[in-house]
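Enquirer: model this:
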Amino acid sequence: MLPLKSKIVHCRWSGESTWIPMGDKKLGLDFENHTSHPAPGMLLLYPGGISETEVLFPYGSTMFASKVGQLAGNHFATLTQGQEQLSEIGRLTLWEGAQDITIEEV
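Expert: This next block holds a predicted model:
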């Protein structure tokens, strides 16, 4: 899936988090190492089901949810550098709208 180039937007139901919507994209994945309460910088992949496929990108206190209720996503990566910039991502997406993002392996 990498590199993933998309837009990142602010969450409506999950608290201090952003997300990358992937619509009805089917990844063929099940739930593994899933959580509803990620720490800042923990990236979650929701493989779809009761809500659309997405990557959750929390920057603060988060409980992963959608308009239909609580969700759980697969923790697949954690930021190890630049965590001090996470709150700026939240501010940008909340006040200035969708932002371009690229996720790639380093």
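
Enquirer: which residues touch residue 78?
Expert: 41-43 (C-beta atoms under 8 Å, 6 or more residues apart in numbering). Yep, even glycine has a C-beta here, placed from its N, CA and C like the rest.

Enquirer: Among those, name the ones in helices.
Expert: Among the contacts of residue 78, DSSP state H puts none in helices.

Enquirer: contacting residues for the residue nearest the centre of the chain?
Expert: By C-alpha atoms, centre = their mean, the chain has its centre lying nearest to residue 56, at 1.1 Å. Counting by C-beta under 8 Å, 6+ apart, residue 56 makes contact with 11, 14, 17-19, 38, 43-46, 62, 64, 73.

Enquirer: same thing but at 10 Å, please
Expert: 11, 14, 17-20, 35-36, 38, 42-46, 62, 64, 71, 73-75 (C-beta atoms under 10 Å, 6 or more residues apart in numbering).

Enquirer: In ChimeraX, how would I select just the buried ones from the residues you listed?
Expert: Only the buried members of the contacts of residue 56 enter the following ChimeraX selection, criterion being 16 or more other C-beta atoms under 10 Å:
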select :11,14,17,18,19,20,35,38,42,43,44,45,46,62,64,71,73,74,75
